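Asker: Sequence plus the predicted model coming up.
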Amino acid sequence: MSAGAKFVGGAALGGLAVGAKVGLTEAANMEQYRNTLEVVMKDTKKAGKTFQWAVKFANKTPFDTGEVVEATTKLTSYGAATPARP
């Protein structure tokens, strides 16, 4: 195998590893936000609906899903009403 092929293969594996780490970090953050909502709202079903609303809202807008879910979680913990929680 040539040195160039080894470099390309190594670079591809390195990129894959970085992508996997970012994906796992994002998933862990989402799980943490959902758990926080469940604790703050004291209702698993309402927390799930609020979480789903935040994800759907983020998908319809140019905002990042993580940022919208984080903001929704913070607002809910401060007692502010969200569209999913009147």
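Answerer: Right, received. Where do you want to start?
Asker: Can you report how many residues lie near residue 65?
Answerer: Residue 65 has 17 neighbours, counted by other CB atoms under 10 Å. All C-beta spots, glycine's among them, are computed from the backbone N, C-alpha and C.
Asker: what's the nearest residue to it if we skip its chain neighbours?
Answerer: Taking CB to CB, 6 or more residues apart in numbering as the measure, residue 65 lies nearest to residue 58, with 4.1 Å between them; neighbours along the chain are not counted.
Asker: The one you found reaches residue 64, doesn't it?
Answerer: Yes: Residue 58 is within contact range of residue 64, at 6.7 Å (criterion: CB atoms under 8 Å).
Asker: Compare those two (neighbour count), which wins?
Answerer: The neighbour comparison of residue 58 against residue 64 (other CB under 10 Å) goes to residue 58, with 18 against 11.
Asker: separation between the residue nearest to residue 65 and residue 77?
Answerer: 18 Å (CB to CB, to the nearest Å).
Asker: same thing with residue 40?
Answerer: 5 Å.
Asker: Kindly report the same for residue 52.
Answerer: 18 Å.
Asker: tell me the contacts of residue 51?
Answerer: Going by CB atoms under 8 Å, 6 or more residues apart in numbering, residue 51 touches 33-34, 37, 69, 72.
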